[in-house]
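> Dropping a prediction and its sequence here:
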Amino acid sequence: MHAPDSYDAVIVGGGHNGLVAAAYLARAGQSVLVLERLATTGGAAVSTRPFAGVDARLSRYSYLVSLLPRKIVRDLGLDFAVRKRTVSSYAPTVRGGRATGLLVGGDRTRDSFAALTGSDREYEAWQRFYGMTRRVAERVFPTLTEPLPTRDALRARIGDKEAWRALFEEPVGVAVEENFRDDLVRGVVLTDALIGTFADAHDPSLLQNRCFLYHVIGGGTGDWDVPVGGMGALTDALARAALAAGAQIRVRHEATRIDTDGTTAAITVRSPDAEHVVTARRVLVNASPQALAALLGDEPPAPAEGAQLKVNMLLTRLPRLRDRCVDPREAFAGTFHIAEGYGQLADAYRDAAAGRLPAAPPSEIYCHSLTDPSILGPGLAARGYQTLTLFGLHTPARLFAADNAATRAELLTATLAELDAHLDEPVTDCLARDENGEPCIEAKTPLDLEQDLRLPGGHIFHRDLAFPYATESTGRWGVETAHANVLLCGAGAVRGGGVSGVPGHNAAMAALGR
C-alpha cells in the first residue's frame, strides 16, 4: 500500500455514462479518475469482432441510439453521428393462407395498412396515436437533462389529459386496445413496452408503461437511430473527449470498496499489479444499484431480473421472404417483428410466467449494415454480406437457471424457427462462416450478460425503469444516494436505461451543484 492519490472525482466504471460524467467534470476544471475493471472502456456500448478471423465490428450488446440528447453531443464536442433508418418496421404474418405483412415507413405505409386490414381505419388510428406520443416526446424529452420535475409539473408540461391517462395512469394495454383493432397492429405497438421488460400489457404496476415511454420519447421524436461505426464509435468518442479535457482513465483497475464520511471518500482499487487506495471529494458510480450497495457495504436493493435474448449474426446475403411484395432490404432495414402479434405476446408472457420457454418466442431483428455498411470490412461489403441483430422478448433469467447453455440452445432454435416461418429459405443457410468454419452466430441470455457485464440478473436497465419525475426518494437529479458525496451515474438512476448518457450528465450536474 502507498499514500493515496487524491482527486476531485473518481468515476467507478468506464461505460458510456461514466465517460459522459468524466468529460463534463474534467471540462469544468476538476481532477477526474475513471476506473474500469475490463481491458477497454465502453461497458455494454461497444463494438467487437465476435467471429474469429472475420472483419465485422458488431454492436455486441447495446445496438441502437434513441435517448442520447444532442445537447450532450454538442456540449462535449463528440465526433459521432447517427443515421435514420429508411423503414421503421416490418411485421410479417399470414392472412387467408397468404404471406403478407405490415410495412411502416415511407410512402407505402398507408397502402400497407389497407392491404393488411382492408380499410384505412388502423392507419388513421396509428397516425393519431403516434401523433399523441410525439407531442408527449416533444415535451418530456427536454426534461431528461434538467432537475427532476414533480409529477404535477410534468403533467402540466404535457398538457394533455388523455395522453397522461394513457401513458402514466392506466396500463398501456388499455390504450392499445382502445385505439387499435387488428391483432398484428396492436402487437407492433405493444413491443415498445416490452424491450428488456418482463410484463403483461395490463400489469397494474405500469412497468410496461414506463418502458413504453422511454422508447417513444427519444430525441423528442421517438426515432431509434443507427450509430455510424457501431456503438463503439460513441464510446470511443466519449473516451477521447474525457481524455482531451484532462481526465485520467485506468483500465483493468477495479474498485472493490468505497468508504466515505460524506465529505471525503476512500476507494480501494485492485489492479493487475497491486491493491491501493485513492481518495476523492466525490465518487460517481457507473454500475448497478446492487454493485453500489456492495461497494459501500449497504443493504442491497431488491433483486433485478433481465428478460431478453440477444443474438448477433453475420450473413453472406439477406434471406428471401415469403411475402413477395416486400424486398428483404426493406424488411430488415427497420425493426422486423417476429411472433409479436398482440395475442402471441400475451401467450409468450403467460408461458414464461409459468416457468417455461415461450412456445412461439417473440423477437425483433434489424440489419445495421443496410444503414451503416462501415462496420463491415471492404471485402465483406463488396461481397454483399450483412449483419443481423435479434432481440428476443419474454425470456426471464429464471428460465435459464437450471442449465443456461442447454436452454440457450433450445431457445435459439425455437426463435430462429419463428423467423424461418416467414422466409423462403432458412436463415441458417445464409450464415457466413468464420476462419474455423463455424457459423457466424452468437446468442446471449440474461445470465450471459450478468457474467459478461455484471448486469444484475442480466437486466439491461440495471433495475426496473421509473417514471421521469421526482418522488420522495429520488433527490433533485435522480442520481443521489444515502451518502452525500456518492452519486449513481449508471442506468439504474432515475431516467437511466438505454444508451443515453443522461445519468452521466445528471450526475455531473449534481456534482457541480448545478
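The structure has been received and is ready for your questions. Residues are numbered from 1 along each chain as shown.

> going forward, measure contacts between C-alpha atoms and count neighbours the same way
Will do.

> need the contact list for the closest residue to Ala23 other than its chain neighbours.
Excluding the flanking residues, the one nearest Ala23 by C-alpha to C-alpha, 6 or more residues apart in numbering is Ala242, at 4.0 Å. Residues near Ala242 by C-alpha atoms under 8 Å, 6 or more residues apart in numbering: Leu19, Val20, Ala22, Ala23, Tyr24, Ala26, Gln248.

> Next one, pLDDT for Ala242 please.
Here, the pLDDT recorded for Ala242 equals 98.

> what does Ser473 give?
In this model, Ser473 carries a pLDDT of 87.

> again with the one 10 residues further on
Taken from the predicted model, the pLDDT recorded for His483 is 97.

> what about Thr40, neighbour count?
Thr40: 15 surrounding residues under other C-alpha atoms under 10 Å.

> Same check on Val226?
Neighbourhood size, Val226 [other C-alpha under 10 Å]: 22.

> Helix, strand or coil: sort out it for me.
At Val226 the chain is in strand, as set by DSSP: H, G, I helix; E, B strand; the rest coil.

> and if you look at Gly379?
Under three-state DSSP, the three-state class of Gly379 is helix.

> per-residue pLDDT, it?
For Gly379, the pLDDT comes out at 95.

> export the contacts of Ala242 to TSV and tack on distance to Gly437?
Putting these into TSV (distance: C-alpha to C-alpha, whole Å) gives the following:
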residue	distance to Gly437
Leu19	38
Val20	40
Ala22	43
Ala23	43
Tyr24	46
Ala26	47
Gln248	42
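
> Return the member of these nearest to Arg139.
Of all the contacts of Ala242, Arg139 sits closest to Val20, with 23.7 Å by C-alpha to C-alpha.

> The closest one touches His505, doesn't it?
Yes - applying C-alpha atoms under 8 Å, one finds Val20 in contact with His505, separated by 6.2 Å.

> any idea which of the contacts of Ala242 has the most stuff around it?
Counting neighbours by other C-alpha under 10 Å, the top entry in the contacts of Ala242 is Ala22, with 36 neighbours.

> Quick one: distance of the helix or strand hosting that residue to the chain centre.
For Ala22, the host element (DSSP states H and E) is helix 16-27. Its chain's average C-alpha position is 20 Å from that of helix 16-27, according to C-alpha atoms, centre = their mean, to the nearest Å.

> number of nearby residues for Asp351?
18.

> list the contacts for Ser62?
Counting by C-alpha under 8 Å, 6+ apart, Ser62 makes contact with Ala44, Ala45, Val46, Met231, Gly498, Val499.

> Likewise for Gly504?
By C-alpha under 8 Å, 6+ apart, the contact set of Gly504 is His16, Asn17, Gly18, Leu19, Val20, Ala21, Asn286, Cys489, Gly490.

> Remind me which helix or strand it belongs to.
Per DSSP H and E: Gly504 is located in helix 502-511.

> Send me that helix as CSV with only the CA atoms.
Extracted C-alpha coordinates of helix 502-511, given in CSV (Å, rounded to 0.1, in the frame of the first residue of the first chain):
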residue,chain,number,x,y,z
VAL,A,502,-28.4,11.1,-19.3
PRO,A,503,-27.4,9.6,-16.0
GLY,A,504,-23.8,10.6,-16.6
HIS,A,505,-24.8,14.2,-17.5
ASN,A,506,-27.1,14.4,-14.5
ALA,A,507,-24.6,13.1,-12.0
ALA,A,508,-22.1,15.6,-13.3
MET,A,509,-24.6,18.4,-12.9
ALA,A,510,-25.4,17.2,-9.3
ALA,A,511,-21.7,17.0,-8.5
